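>>> let's see this in three dimensions:
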Amino acid sequence: MIRAYRAADIDQVLAIWLSASIKAHDFIESAFWKSKISEMRDVYIPSSETLVYEADGAVVGFYSLYENNLAAIFVAPGSQGKGLGSVLLDDAKSRRKNLQLAVYKENTPSIKFYEKHGFTLLGEKCDEHTGHPELIMEYHS
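This next block holds a predicted model:
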């Protein structure tokens, strides 16, 4: 079930974010993601509208919206491939008429996932934190 994020979810959300980020972005050193945990905890999650997917009392996925940006969408690696990402993304799309996101160009599986869900390419930029190219994608309902 999808529900609003609660402060008590932070450790589960951060664990999902870290493990899924390392898995999806194997072209970036895992130390980079580990160095961003405190920013996620103290800046990004508190400033975003975050919803979680809870199954059997545990958070197994989440997404964060910041204005019309899909700032994050992650499913715990052990729960991937079961349709939870699609459920989360559909919920996010139901809350905004338009959504934009940035995805690393090297993250082909995620790009295909977003395209399957109606996102189109808007442009490309370089991520200032990693130096890797990102695609800017958008969705219009």
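>>> tell me where this structure has strands.
For the chain, the strands defined by DSSP state E cover 2-4, 49-55, 58-66, 69-75, 98-104, 120-126, 133-140.
>>> tell me which of the ones you listed approaches residue 21 most closely.
Residue 21 sits nearest to strand 69-75 of all the strands of the chain, at 7.2 Å, using CB to CB. To be clear about C-beta, it is placed using only N, CA and C from the backbone, and glycine gets the same treatment.
>>> hmm, back to that, could you dump the strands of the chain to CSV with distance to residue 42 and mean neighbour count?
Formatted as CSV, the strands of the chain follow (distance: least, CB to CB, whole Å; neighbours: other CB atoms under 10 Å):
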stretch, distance to residue 42, mean neighbour count
strand 2-4, 19, 12
strand 49-55, 14, 18
strand 58-66, 14, 20
strand 69-75, 15, 21
strand 98-104, 21, 18
strand 120-126, 25, 11
strand 133-140, 23, 17
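>>> nearest to residue 91, of those strands?
strand 2-4 (5.2 Å).
>>> now do the closest one: which elements does it pack against?
With contacts taken as 3 or more CB pairs under 8 Å, 6 or more residues apart in numbering; DSSP states H and E, strand 2-4 sits against strand 49-55, helix 84-95.
>>> out of those, which is closest to residue 75?
Residue 75 lies closest to helix 84-95 among those, at 4.8 Å (CB to CB).
>>> for the closest one, name the packing helices and strands.
By 3+ CB pairs under 8 Å, 6+ apart, helix 84-95 packs against strand 2-4, strand 49-55, strand 58-66, strand 69-75, helix 108-116.
>>> no further questions, thank you.
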